[in-house]
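Asks: coordinates only, sequence not included:
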Ligand code: NAP
């Protein structure tokens, strides 16, 4: 399985062994994914070529979404197996029709590969924004990726399952729900919470970050989000006591504190510079990362990485953007910056930095796709980045 050239990345005792010509799978995805992923690959190739003389990426296409549907299921088994084998992948967005009864392919993929940490760095690259503190935003959102109301446990109003669940609630707990209610379940476990907090604290230690804030709605949802807060603090105090300070700033220590979600939402707008790493359950994290992306120029600039213990899947935060799909005007920066995150993950940090610095240079120069106030097409923007890369180096 896999292309005839290149070698697979391996993981040995938790450490990555990266060959000079690693096989990196990619999924184009639906909608604007088809337009931005190709550009991101080309930019990554150029950065690797300029940063290292003896390295290159061997891309391997895996299918999912509409492209896969032509020959079989939306999410073929080979795709999931391929990513598990290669340990890393770059992915475009996949469409999930609202209320269609289809389970989200993204959620399924993250669950099957146990990619429990969705890491979303939010930084300013010079994009036009109404927000006056954009240059002071430097956040990393750690969103739990497998639990919460996104776990996919829900039943349609009026359906047989909802009826049985309602009857169980009434019989066992004396709780009555309306017959016309759809029902969702919100599981948040100690295991799931502790491993995302561990990931966030490890990231903070390795990258010299100063603060890790647990964002939750535990005042209302005590045994799910409230428990998330407690378990996250337990990891900090029991496993990272030598490097953290809980609740108060201390020199040389990472401050670990917590904030109620609604308050945190307004504070990242009023005083973004106070926030650093935010760890939060699935749904909060999804909302927060789009809102935070808006501060620095919108979804076209927002990159993400899904991490498990051994596998990393990079993907832009945005979806398939049906309103602009097929027009060739999507901003590929989010996909380029996601590929950059992936290269950083495999230890090719020079290429990552080159990609980031060049995107910044091009965006700051005022050249961009329409969402950036420019007139470039997706392809032209990619071309501008690749051209500028020679100088930035
Ligand atoms: P979306 O695809 O993220 O797009 C929302 C809006 O943001 C777009 O209409 C466009 O707005 C703007 N936008 C997003 N990416 C852009 C880019 N690269 N360049 C320029 N503008 C960009 O959200 P959605 O419309 O709610 O979701 C559409 C589909 O995507 C749904 O089926 C959803 O399930 C799926 N989705 C998939 C993923 C994933 O695969 N990880 C993530 C999120 C959503 P304007 O042109 O109006 O400014």
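Replies: Received it, and whenever you're ready, just let me know what you need. Predicted, not measured: the structure shown is a model, and the values here were computed from it.

Asks: and whichever residue of the stretch 151-300 of the chain sits closest to the ligand, how far from residue 293?
Replies: For the stretch 151-300 of the chain and the ligand, the shortest gap (Cβ to the nearest ligand atom) falls at residue 300, measuring 3.4 Å. From N, CA and C alone the C-beta is placed, and that goes for glycine too. For residue 300, the distance to residue 293 equals 9 Å [Cβ to Cβ, to the nearest Å].

Asks: of the two, which one has the most company?
Replies: residue 300 (27 against 24; other Cβ atoms under 10 Å).

Asks: which parts of stretch 383-393 are buried?
Replies: 383, 384, 385, 386, 388, 389, 392 (16 or more other Cβ atoms under 10 Å).

Asks: closest to the ligand out of the residues you listed?
Replies: residue 385 (14.1 Å).

Asks: so that closest one sits against residue 365, correct?
Replies: No: using Cβ atoms under 8 Å, residue 385 is not in contact with residue 365; the gap is 10.9 Å.

Asks: quick check: neighbours shared by these two?
Replies: Counting by Cβ atoms under 8 Å, 6 or more residues apart in numbering, no residue touches both residue 385 and residue 365.

Asks: please name the nearest non-neighbouring residue to residue 234.
Replies: residue 194 (7.2 Å; Cβ to Cβ, 6 or more residues apart in numbering).

Asks: for the ligand, what are the nearby residues on the stretch 251-393 of the chain?
Replies: For the stretch 251-393 of the chain, the residues in contact with the ligand (Cβ under 6 Å from any ligand atom) are 299-300, 315, 318-324, 330-331, 334, 371.

Asks: residue with max distance from the center of this protein?
Replies: For the chain, the residue at maximal distance from the C-alpha centroid (Cα atoms, centre = their mean) is residue 171, at 40.9 Å.

Asks: what's the helix or strand where that residue lies packed up against?
Replies: Assigned by DSSP states H and E, residue 171 falls within helix 160-173. With contacts defined as 3 or more Cβ pairs under 8 Å, 6 or more residues apart in numbering; DSSP states H and E, the packing partners of helix 160-173 are strand 154-155, strand 183-184.

Asks: of the residues of the stretch 251-393 of the chain next to the ligand, just say which sits nearest to the ligand.
Replies: residue 319 (2.3 Å).

Asks: run through the strands of the stretch 1-150 of the chain in chain order.
Replies: In the stretch 1-150 of the chain, the strands defined using DSSP state E, counting those that start in this stretch lie at 10-12, 15-17, 23-27, 58-61, 88-91, 117-123, 138-144.

Asks: of those, flag the one that's most buried.
Replies: Each of the strands of the stretch 1-150 of the chain was scored by mean neighbour count; the highest is strand 88-91, a mean of 26, by mean count of other Cβ atoms under 10 Å.

Asks: one step back: okay if I get the strands of the stretch 1-150 of the chain as CSV plus mean pLDDT and distance to residue 226?
Replies: Listed next are these as CSV, based on pLDDT from 0 to 100; distance: least, Cβ to Cβ, whole Å:
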stretch, mean pLDDT, distance to residue 226
strand 10-12, 94, 35
strand 15-17, 94, 36
strand 23-27, 98, 37
strand 58-61, 98, 44
strand 88-91, 98, 33
strand 117-123, 96, 21
strand 138-144, 97, 15
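
Asks: tell me which of those strands lies nearest to the ligand.
Replies: strand 88-91 (7.3 Å).

Asks: does that closest one come close to the ligand?
Replies: No: using Cβ under 6 Å from any ligand atom, strand 88-91 never reaches the ligand; the gap is at least 7.3 Å.

Asks: check which helices and strands that strand sits against.
Replies: strand 23-27, helix 33-51, strand 312-314, helix 333-345.

Asks: can I get those in a markdown table with distance to residue 233?
Replies: Formatted as a markdown table, the helices and strands packed on strand 88-91 follow (distance: least, Cβ to Cβ, whole Å):
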| stretch | distance to residue 233 |
| --- | --- |
| strand 23-27 | 37 |
| helix 33-51 | 38 |
| strand 312-314 | 27 |
| helix 333-345 | 28 |
